[in-house]
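Q: Next one to model:
(chains A and B, ligands or ions: 3)
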Amino acid sequence: MSAVLEVHDLKAHFFTRRGVIAAVDGVDFSLERGEVMGLVGESGSGKTVTGLSILGLIDPPGRIVAGSIRLAGQELVGASEEEWRMIRGRKVAMIFQDPMMTLNPVLRIDTQMMEAILAHEAIPQEAARQRCRDALGRVGIPSPNERLSAYPHQFSGGMRQRVAIAIALLNNPELIIADEPTTALDVTIQAQIVAQVQKLAAEMGTAVVWVTHDLAVVSGLADKLAVMYAGRIVEEGPTADVLNRPMHPYTLGLLNSLPVRNPRGRPLNQIPGAAPSLLALPPGCPFAPRCIRAVDICRQVAPAETDAGNARRLRCYNPLPAAEAA
Amino acid sequence: MLAFLIRRIGQSLFVILAMAALVFLGVFFIGNPIDVLLAPDADQAERAEAIVRLGLDKPLWQQFFIFLADLARGDLGTSFVHGTSAVGLIFERLPATMELAFVALVLAVVVGIPLGVIAGLKSEGFAGRSIMTGSIVGFSLPNFWFGIMLILFFAVTLQWLPAGGRGPTGSLFGIELSLLNPAGWPNLLMPALTLAIYKVSLVIRLAYSGTREAMLQDYVRFARAKGLSRRRILGVHVLKNILIPIVTVLGLELGSMIAFAVVTESVFAWPGIGKLLIDSIGRLDRPVIVAYLMIVVALFAVINLVVDILYSVLDPRVRLSDTGN
Ligand SMILES: Nc1ncnc2c1ncn2[C@@H]1O[C@H](COP(=O)(O)OP(=O)(O)O)[C@@H](O)[C@H]1O
Ligand code: SF4
Ligand SMILES: [Mg+2]
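A: Ligands and ions are numbered 1, 2, ... in the order given. Sure thing, here's the model as predicted:
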């Protein structure tokens, strides 16, 4: 199998007045056709910037400073704006966090759907409309024909997110980047949307990067997990392996802060400390100030990525022994 | 939509009625019209006859209803100075004022929106900063001073444009318009520019802040993620959003341009209703003043109604909340 997406040593930095923010600082991963990857990490770890980089949507003062993004073999880093435009929405689609904000409040749903097709293909209006109707039906919106001529404010949050998903699926992309698409929704609707995306992506062979700060959401959805901290992927592997036998202390911290993994009555174990300021990263492992397993070397040189076997990768000098899990 | 219209028309009628009462009372308190209408040497009998003829012997409320009835028929008396219908006089002069306001409005939109959008997109750049500085200057220039400077430069020094007056006009359905006659355009240019300069600055600022805000919204990011061209994002997604405040503000400004064209019309000797009002006040031509006030109030009401309708067309959230959906 050939990879749909290969991201190699991707670096996206923001050049602000206060200094350079290395929001994404050497990220590697790849996705097969139809594969679903969960990209998890605390807020501010660089997940959104990673997703936006893949669509060429990093605006000044930020830019991709190094690395490579290959989509079905085509190198995107260094592509012209028009080349990016042709990729966006056609080969890579993105869904954003807040469904209340992603649809334009003053344009009808049909306008916002049809333009997504017509930006890439010159087909008759009626054919485009038919495709929009089908797409709404597929994401479970009742009476799609009538809903097409409605405005966003006439939909609930969950329904709006379905519309956004329908738009993302319109051109049958090879990859969907879903940036915390259920965070703003309540739990039942969250579960429905996760199931829907999983089903549709499987049917259409679409690869998915599902970004979230909540491990519980992706545990049943993703084939593999990538855990991000301070602009780098610190641990990656098949979902079940990572969840059952985390190797990186940060991953364990994330797992322990999940309510479901916590015996009744015990207070949740939040990871001590806060995510570091990317402006003033200490030398060495960025997690060291919060890490209970830190050793001397951790504070001096940042750990390089190592192959931990069984399709697992890791950035840590002192990983957890197998017994620490569960 | 219908309920909305009926309610708004009702509100407008109420405003006009309230204004009518104010104007009526104002005129009643200002002084005795007999003194103005009759020759100073008229005798007691002539006075009494005039009072009865004019209905001034009737109780106040009856006089008010007579005034309202006349108002409804569009009859607000005869100008003391011109000897013709006061309403007729206003309507004769109205096209000149409307035309000026219309040209200023078009200038504000076609110059102000593109400049504001460019400044909003490049707010850190040289173009953006220059445009915004220019708009501050445009804001703070006094209208009459700008007009006089234009006259000094283009009419006196360069002698390119006429200093004032309306110049030749063309006629459409009996309405005289400078726009219809290219020979009249030089006369129209400076007064329209004078009236427009503030509106252009206003639209630039509205378009600037609207664009800056819209560009940061998720819907713009989502539109980009769909692969839309920049042109479509700006021309449809951003523009439709920034038009909402611009239409609202410009609508209100249109009303005030018509009502307060007085300064510009005086500077350029432009024969519109503003100039007519100033002349009528100078000569105590009361029927014309009353007719002016009533017509301007009615115009305001109509413009406000149109703005509200436009607003609800542009913003679907407003439209639906008003039909009780
Ligand atoms: N436009 C920007 N300008 C400056 N810094 C930014 C910008 N966008 C993101 N960042 C920085 O990049 C880092 C990663 O952000 P983000 O990818 O949004 O995190 P996540 O999605 O994981 O919560 C944050 O520290 C944030 O401050
Ligand atoms: S490298 Fe050291 S500090 Fe960093 S996570 Fe591993 S043990 Fe902790
Ligand atoms: Mg994010």
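
Q: centre of the chain versus the helix or strand harbouring residue A:94, how much separation?
A: Following DSSP states H and E, one finds residue A:94 within strand A:92-95. Centroid displacement of strand A:92-95 relative to its chain, using CA atoms, centre = their mean, to the nearest Å, is 10 Å.

Q: so what does it touch, helix or strand wise?
A: helix A:47-54, helix A:157-169, strand A:175-179, helix B:218-225 (3 or more CB pairs under 8 Å, 6 or more residues apart in numbering or on different chains; DSSP states H and E). Yep, even glycine has a C-beta here, placed from its N, CA and C like the rest.

Q: In the second one, which residues are buried?
A: Same thing as helix A:157-169. Buried positions in helix A:157-169, judged by neighbour count with 16 or more other CB atoms under 10 Å in any protein chain shown: A:158, A:159, A:160, A:161, A:162, A:163, A:164, A:165, A:166, A:167, A:168, A:169.

Q: Show me what the helix or strand hosting residue B:248 is packed up against.
A: Here residue B:248 is covered by helix B:239-259, with elements defined by DSSP H and E. Using 3+ CB pairs under 8 Å, 6+ apart as the contact criterion, the secondary-structure elements in contact with helix B:239-259 are helix B:86-121, helix B:185-215, helix B:286-314.

Q: The longest one: what's the following helix or strand?
A: Right, helix B:86-121. helix B:126-140.

Q: What angle do helix B:86-121 and that following helix make with each other?
A: With axes from the mean of the first three to the mean of the last three CA atoms, to 10 degrees applied, the angle from helix B:126-140 to helix B:86-121 works out at 150 degrees.

Q: Can you name the residues in contact with helix B:126-140?
A: Helix B:126-140 is contacted by residues B:115-116, B:118-123, B:197-198, B:200-202, B:204-205, B:208 when judged by CB atoms under 8 Å, 6 or more residues apart in numbering or on different chains.

Q: Stretch A:45-65 vs ligand 1: in contact?
A: Yes: using CB under 6 Å from any ligand atom, a contact is recorded between stretch A:45-65 and ligand 1, made by A:45, A:46, A:47, A:48, A:49, A:62.

Q: can you pull the contacts of residue B:267?
A: Contacts of residue B:267 were listed using CB under 8 Å, 6+ apart, and they are B:144, B:147, B:148, B:151, B:164, B:191, B:194.

Q: Would you point out the most distant pair within those residues?
A: Taking CB to CB, the two most distant members of those are B:144 and B:164; they sit 13.0 Å apart.

Q: Neighbour count for these two, which is higher?
A: Set side by side, residue B:144 and residue B:164 show more neighbours around residue B:164, with 19 against 13, by other CB atoms under 10 Å in any protein chain shown.

Q: Would you mind confirming that that one is in contact with residue B:266?
A: No: counting by CB atoms under 8 Å, residue B:164 stays clear of residue B:266, with 9.6 Å between them.

Q: Could you check the pLDDT of residue A:306?
A: The predicted local confidence for residue A:306 comes out at a pLDDT of 91.

Q: residues contacting it?
A: If a contact means CB under 8 Å, 6+ apart, then residue A:306 has A:313, A:314, A:315 as its contacts.

Q: Helix B:185-215 and the helix holding residue B:248, what's the angle between them?
A: Angle between the axes of helix B:239-259 and helix B:185-215 is 140 degrees (criterion: the same axes, to 10 degrees).

Q: C-alpha coordinates for the next helix or strand after helix B:239-259, PDB please?
A: Taking DSSP H and E as the definition, the helix or strand that follows helix B:239-259 towards the C-terminus is helix B:262-267. What follows is helix B:262-267 as a C-alpha-only set of coordinates in PDB (Å, rounded to 0.1, in the frame of the first residue of the first chain):
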ATOM      1  CA  VAL B 262     -28.000  73.300   3.600                       C
ATOM      2  CA  VAL B 263     -24.300  74.000   4.000                       C
ATOM      3  CA  THR B 264     -23.100  72.500   0.800                       C
ATOM      4  CA  GLU B 265     -25.900  74.000  -1.200                       C
ATOM      5  CA  SER B 266     -25.200  77.400   0.200                       C
ATOM      6  CA  VAL B 267     -21.500  77.200  -0.500                       C
END
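
Q: gap between helix B:262-267 and the chain center?
A: Taking the mean C-alpha point of helix B:262-267 and that of its whole chain, the gap between them comes to 13 Å (CA atoms, centre = their mean).

Q: now swap in stretch B:58-69 and tell me
A: Using CA atoms, centre = their mean, we find the averaged C-alpha position of stretch B:58-69 to lie 30 Å away from the chain's own average C-alpha position.

Q: who does the residue positioned nearest the centre of chain A bridge with?
A: For chain A, the residue nearest the mean C-alpha position is residue A:211 (2.8 Å; CA atoms, centre = their mean). When bridges are assigned using DSSP bridges, the partners listed for residue A:211 are residue A:39, residue A:179.

Q: Output the contacting helices and strands for the host helix or strand of residue B:50.
A: Taking DSSP H and E as the definition, one finds residue B:50 inside helix B:44-53. Counting contacts by 3+ CB pairs under 8 Å, 6+ apart, helix B:44-53 is packed against helix B:33-37.

Q: Excluding chain neighbours, what is closest to residue A:83?
A: Nearest residue to residue A:83, sequence neighbours excluded (CB to CB, 6 or more residues apart in numbering or on different chains): residue A:76, at 7.8 Å.

Q: roughly how far apart are whatever residue of chain B ends up closest to ligand 1 and ligand 2?
A: Closest approach of chain B to ligand 1 (CB to the nearest ligand atom) occurs at residue B:216, with a separation of 9.7 Å. From residue B:216 over to ligand 2 the distance is 36 Å, taken as CB to the nearest ligand atom, to the nearest Å.
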